[in-house]
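Chemist: Fold the following for me, if possible:
(one chain, ligands or ions: 1)
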Amino acid sequence: MRNSKETLIRPVGMPDSLSRPIVTPLSTAVAFASSTPDELDAQYEGRAQGYTYAREGHPNATVLAQRIDALEGITGGIVTGSGMGAVTAALMGTLSAGDHIIGGDQLYGRSLRLMKEDLPRFGIETSLADPTDAAAFEKAIKANTKAVLVEVVSNPTLRVADMDGIARLCADRGILLIVDNTFTTPRAYKPFAQGADIVIHSVTKLLAGHSDVTLGYVAAKDPAVQKKIYDFSVTTGMTASPFDCWLAERGLATFDLRFERAQSNALALADHLAGLDGVKRVLYPNRADHPDHQRAATLLGGQGCNMVSFEVEGGRAAANALARAAEGIAFAPTLGDVGTTLSHAASSSHRALTPDAREALGMSEGFFRVSVGLEDSAALNQVFTQAVQAATAV
Ligand code: PLP
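Modeler: This is a model prediction of the structure:
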């Protein structure tokens, strides 16, 4: 007769050890066993810490959320399966039919779509306003306005929102201020310290930094609001994969260094592009010729960002030539990777708009956004010289 140790399908767990791993172990378990119903009660009632079912929380999600909490100066944030999961949980977890929300008119494309197409289907009214002008937000306020959603630096024109004005407005009117801090990161902007009620990240981008995970983060100042967001995310299944959380935690360990290098490369590239024949304009918030230069200087506390946008002369043929000649630079619609990536609004983020509507936003066929990575700065500038020359030759 075989003994129970031989026949049990589920072994008893990790071997005993006086020492602990120095790296967070990957915990892929979907369910967690308690000893008794009383212990389970204690967990559910918050009298003891523990896990039950991975959709409701798991160790790798907790570790990652706590790391981002520390950067944002808050506790109790959660991670979601994507940045859009975080945006959706923040909005749909806090708003109800009959409420109104105002969003920045240059939000990330899918956030814009959520505002324009999806929230109205659930009876939530939405308006868009220019976030560089707090007065435009004030004008859009209605009696039922419950929340405002802004990105500090807009994509891809890199305009800097009037965060102080908008925060003051929200505080005066008792409106929830929701800040998507993906582009700026907690290195350049600390939304909670500046009046935000909810902070969102696409962790997919700079925080994780290696384009190999899709994750989001959302935290609220008020624990009651955080509970609503958490419940909505658990009910709608926004669970973050343990492996993605584990990878993101690893990425986060070098976030400071990566951000430092990426933004110094970005400033150097912006200055370099501005000196090249064939470049019509360069957008980088820390350059004196940027329309929001002054605001960026005060708001971002001397930090910049890793994004540079620029426009070359010529139409689609010039754009094709530029992308082809940018050797070693991925032409891909993402940002915040260790490697530089190049994206083209007319064929990706803003492809649904008519050419005239794009022109009005300053996004011609020659308009590109660069997410600057950690390459050698001089080599990177050389690749862009080559790419701009190829576009100009068309
Ligand atoms: N917020 C911003 C500012 C973004 O740029 C993105 C994606 O690019 C998102 C949210 C959505 O994040 P994810 O792709 O992780 O869903």
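Chemist: The residue of the stretch 201-350 of the chain found nearest the ligand and V213: what is the separation?
Modeler: In the stretch 201-350 of the chain, the residue that lies nearest the ligand is S202 (3.1 Å; Cβ to the nearest ligand atom). Where you see a C-beta, it was placed from the backbone N, CA and C, and this is true even at glycine. Applying Cβ to Cβ, to the nearest Å, the value for S202 to V213 is 11 Å.
Chemist: ok, now R369?
Modeler: R369 sits 22 Å away from V213, going by Cβ to Cβ.
Chemist: ok, now L107?
Modeler: According to Cβ to Cβ, L107 and V213 sit 22 Å apart.
Chemist: that older thread, with neighbour numbers in mind, choose between S202 and V213.
Modeler: S202 (28 against 23; other Cβ atoms under 10 Å).
Chemist: contact partners of the lengthiest helix in the chain?
Modeler: What stands out as the longest helix in the chain, according to DSSP state H, is helix 255-274. Helix 255-274 is contacted from outside by 71, 185, 187, 206-207, 209, 279, 282-284, 286-287, 289, 303-308, 310, 338, 340, 370, 372-375, 377, 380-381, 384-385, 388, using Cβ atoms under 8 Å, 6 or more residues apart in numbering.
Chemist: Tell me how far that helix lies from the chain's centre.
Modeler: Distance of helix 255-274 from the chain centroid (Cα atoms, centre = their mean, to the nearest Å) equals 19 Å.
Chemist: do stretch 18-30 as well
Modeler: For stretch 18-30, the separation from the chain centroid amounts to 27 Å (computed by Cα atoms, centre = their mean).
Chemist: how about the helices in the stretch 51-200 of the chain?
Modeler: Along the stretch 51-200 of the chain, the stretches classed as helices by DSSP state H, counting those that start in this stretch are 59-72, 83-94, 109-113, 119-121, 134-140, 163-173, 185-188.
Chemist: The ligand: which of these is closest?
Modeler: With Cβ to the nearest ligand atom as the measure, helix 83-94 is the member of those nearest the ligand (2.2 Å).
Chemist: which parts of the chain sit against the ligand?
Modeler: 82-84, 87, 108, 151, 155, 180, 182-183, 202, 204, 214, 216 (Cβ under 6 Å from any ligand atom).
Chemist: Let's see that with 5 Å instead.
Modeler: S82, G83, M84, Y108, D180, T182, S202, T204 (Cβ under 5 Å from any ligand atom).
Chemist: Might you list the low-confidence residue ranges for this protein?
Modeler: Across the chain, residues meeting the criterion (pLDDT under 70) sit at 12.
Chemist: if I look at the closest residue in space to T75 that isn't next to it in sequence, how far off is Q43?
Modeler: Leaving aside its sequence neighbours, T75 sits nearest to D69 (Cβ to Cβ, 6 or more residues apart in numbering; 5.4 Å). Between D69 and Q43 the computed distance is 21 Å (Cβ to Cβ).
Chemist: Repeat that for H210.
Modeler: In terms of Cβ to Cβ, H210 sits 34 Å off from Q43.
Chemist: same question, R295
Modeler: For R295, the distance to Q43 equals 47 Å [Cβ to Cβ].
Chemist: same thing with T392?
Modeler: 64 Å.
Chemist: ok, now E56?
Modeler: When Cβ to Cβ is the yardstick, E56 and Q43 sit 10 Å from each other.
Chemist: got the residues of the chain next to the ligand as TSV, with distance to T28 columns?
Modeler: Output for the residues of the chain next to the ligand, formatted as TSV (distance: Cβ to Cβ, whole Å):
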residue	distance to T28
S82	19
G83	23
M84	24
Y108	30
D180	30
T182	27
S202	24
T204	20
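Chemist: Going by neighbour count, which of the residues you listed are buried?
Modeler: Neighbour counting with 16 or more other Cβ atoms under 10 Å marks S82, G83, M84, Y108, D180, T182, S202, T204 as buried within these.
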